[in-house]
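Trainee: Have a look at this prediction, sequence included:
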Amino acid sequence: MPRALALDIGGSKLAAAVVELPGPVVTHARSVPTPAAQGGAAVLAAASDLARQVLASAVGEGVAVEVLGVSSAGTVHPVEGRITHATDTLPGWAGTPLRDHLQHELGLPVTVLNDVHAHGVGEAVHGVGRGHRRVLAVAVGTGVGGGLVVDGEPVVGARGVAGHVGHLPVPEAVGMPCTCGREGHLEGFASGSGLRAVFRTRTGQDLTARQIAGLASADDPGGLHDAARALLAEAGRATGRAVGALLNVLDPDVVVVGGGLARAPRPWPSSLAEGIRLEAMDPVAATPVLVSGAGAEAALWGAAHVALRRATPPHAAPADSLAPPDAYDPTVPPVRAEEDPR
C-alpha cells in the first residue's frame with residue numbers, strides 16, 4: 001500500500017505521522033508545541049526536525065515512505081509551495097520556502113497545502129464526504145475557513161487563496177473589524193474569536209466560545225444565558241448565509257461543516273439551517289449539510305492523499321483549473337497591454 005509522511009503545521013501544534021492509503025491508517029504519530037513566538041525560522045526548524053524523527057522511526061522499522069505531504073497555516077503558493085501570506089498566529093512565517101526546504105532536508109518529493117485545504121480533502125476523500133465528487137468543506141473554529149474539493153483535489157485558485165469563507169460579508173457583521181483588516185466579514189463575528197469579542201462588548205464578560213456555548217446550553221434562563229443563546233443564533237445564521245451564498249456559486253454535492261463550533265448547542269444548528277434558507281436558491285437549497293467527524297487527523301489524511309496522488313501519473317501535474325504551471329506570482333509585476341512582448 002502507498003505510504004506518505006504527513007506533516008501538519010499549525011499555530012499551536014506541529015504533528016507528523018506516516019499515513020497509509022487507502023484506509024487511511026496512521027502510524028508513527030508524534031506532535032510537539034509550535035514555537036510560534038520564536039519566529040518563522042524556529043517553526044521551520046522544529047517542523048523539519050519532527051518530520052525527520054517520524055521518517056527515521058518508520059525507516060528503522062522497514063516502513064517505506066514515498067512522499068511528504070504538508071498541511072500548513074498560511075497562504076501557500078500553488079506551484080512553488082512557499083508561504084506567501086500568514087497571520088500573526090505564526091509571526092515571520094510569510095516568505096518561508098517550505099517545499100524547497102523540506103525537500104532538501106528530507107530527500108522526498110514534497111507537496112504543500114494550506115491547512116484548511118488539506119483538512120477539506122481529508123474529510124472529502126476519507127471522512128463523511130466520501131463517495132461525493134464535489135465537497136464544500138467549511139471550518140468554523142477560532143477562525144473561519146473552507147475549501148472546495150473536486151475529485152479528490154482541492155481547488156486552490158490562481159494565488160492559493162480560494163476558500164477564505166470567513167471573508168465573505170454578512171449583515172450580522174456590519175461595522176465589525178475582521179482579522180484581514182476589513183470590516184463586516186463573517187470571521188469577525190461568527191468565529192470563536194469573534195464570538196468572544198462580541199460577547200465581551202455586549203455583556204462585559206470575557207468568555208471563550210466554549211464557555212459561551214456552555215452558558216447557552218445551561219438550563220438557567222435569563223441574564224448571560226439569554227445573551228449567549230442570542231449570540232449563538234446570530235452566529236449560526238450568519239454562517240448559514242455564507243454557506244447559502246456559496247451553494248449558489250459552487251453547487252457542490254454536499255457541504256461538510258467542521259471546527260469547534262460545528263457541534264455548538266442549540267440554537268446554532270437550527271440557525272445555520274435558517275441562514276442557508278435565507279440565501280440559497282431553490283435548486284441548491286436542499287443540498288445535504290453534514291457535520292465533520294474526522295477530527296484533527298483529517299489534515300494529515302488530506303496532505304498525504306494529495307502528495308501521493310500528484311506523485312503518480314496522470315496526476316503528477318495539477319490540473320489547469322486547480323494550480324496552473326503559470327499560476328499567479330504576487331512578487332512579479334503584471335505585464336500591461338502596451339508592454340506585451342508578443
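Mentor: Okay, I see it.

Trainee: hey, where'd the strands end up in the stretch 151-300 of the chain?
Mentor: Assigned by DSSP state E, counting those that start in this stretch, the stretch 151-300 of the chain shows strands spanning 153-154, 254-258, 289-291.

Trainee: winner for burial among those?
Mentor: A comparison of the strands of the stretch 151-300 of the chain by mean neighbour count, using mean count of other Cβ atoms under 10 Å, puts strand 153-154 on top with a mean of 26. The C-beta positions use only the backbone N, C-alpha and C, and glycine is treated the same way.

Trainee: Tell me how far that strand lies from the chain's centre.
Mentor: From the chain centre to the centre of strand 153-154 is a distance of 12 Å (Cα atoms, centre = their mean, to the nearest Å).

Trainee: domains for this protein, by residue range?
Mentor: For the chain, automatic domain parsing gives the domain ranges 3-120+296-310, 130-291.

Trainee: The longest helix seen in the chain vs strand 254-258, what angle?
Mentor: Secondary structure of the chain per DSSP state H: the longest helix is helix 224-250. On the basis of axes from the mean of the first three to the mean of the last three Cα atoms, to 10 degrees, helix 224-250 is oriented at 140 degrees to strand 254-258.

Trainee: quick one on the thing from earlier: could I get the domains of the chain in a markdown table, plus columns for mean pLDDT?
Mentor: Listed next are these as a markdown table, based on pLDDT from 0 to 100:
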| stretch | mean pLDDT |
| --- | --- |
| domain 3-120+296-310 | 96 |
| domain 130-291 | 95 |
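
Trainee: Which neighbouring elements make contact with the longest helix of the chain?
Mentor: Helix 224-250 sits against strand 134-140, strand 144-150, helix 186-190, helix 192-203, helix 209-217, strand 254-258, helix 268-279, with contacts defined as 3 or more Cβ pairs under 8 Å, 6 or more residues apart in numbering; DSSP states H and E.

Trainee: Please identify the buried residues of that helix?
Mentor: For helix 224-250, the neighbour count (16 or more other Cβ atoms under 10 Å) marks 224-225, 227-229, 231-247 as buried.

Trainee: now swap in stretch 293-310 and tell me
Mentor: For stretch 293-310, by 16+ other Cβ under 10 Å, it's 294, 297-310.

Trainee: quick check, nearest of those residues to Val54?
Mentor: Leu300 (10.8 Å; Cβ to Cβ).

Trainee: gap between the two ends of stretch 142-157?
Mentor: Taking Cα to Cα, to the nearest Å, stretch 142-157 runs 24 Å from one end to the other.

Trainee: what's the answer for stretch 179-190, then?
Mentor: 12 Å.

Trainee: how about the most centrally placed residue in the chain, secondary structure?
Mentor: Centroid check for the chain by Cα atoms, centre = their mean gives Val116 as the closest residue, at 1.3 Å. Of the three states, Val116 takes helix under DSSP: H, G, I helix; E, B strand; the rest coil.

Trainee: Tell me what the residue nearest to it when sequence neighbours are not counted is bridged to.
Mentor: Excluding the flanking residues, the one nearest Val116 by Cβ to Cβ, 6 or more residues apart in numbering is Gly145, at 3.7 Å. As for beta bridges, Gly145 partners with Ala139 under DSSP bridges.

Trainee: wait, the residue nearest to the centre of the chain sits on Gly146?
Mentor: Yes. With contact defined as Cβ atoms under 8 Å, Val116 counts as touching Gly146 (6.4 Å).

Trainee: Quick check: neighbours shared by the two?
Mentor: Common contacts of Val116 and Gly146 (Cβ atoms under 8 Å, 6 or more residues apart in numbering): Ala137, Ala139, Gly163.

Trainee: just curious, which of those residues is nearest to Ile9?
Mentor: Nearest to Ile9 among those is Ala139, at 16.0 Å by Cβ to Cβ.

Trainee: I'd guessed that closest one sits against Val116; true?
Mentor: Yes. Assessed by Cβ under 8 Å, Ala139 is found in contact with Val116 at 5.6 Å.

Trainee: what sits in contact with each of these two?
Mentor: Jointly contacting Ala139 and Val116 under the rule Cβ under 8 Å, 6+ apart are Gly145, Gly146.
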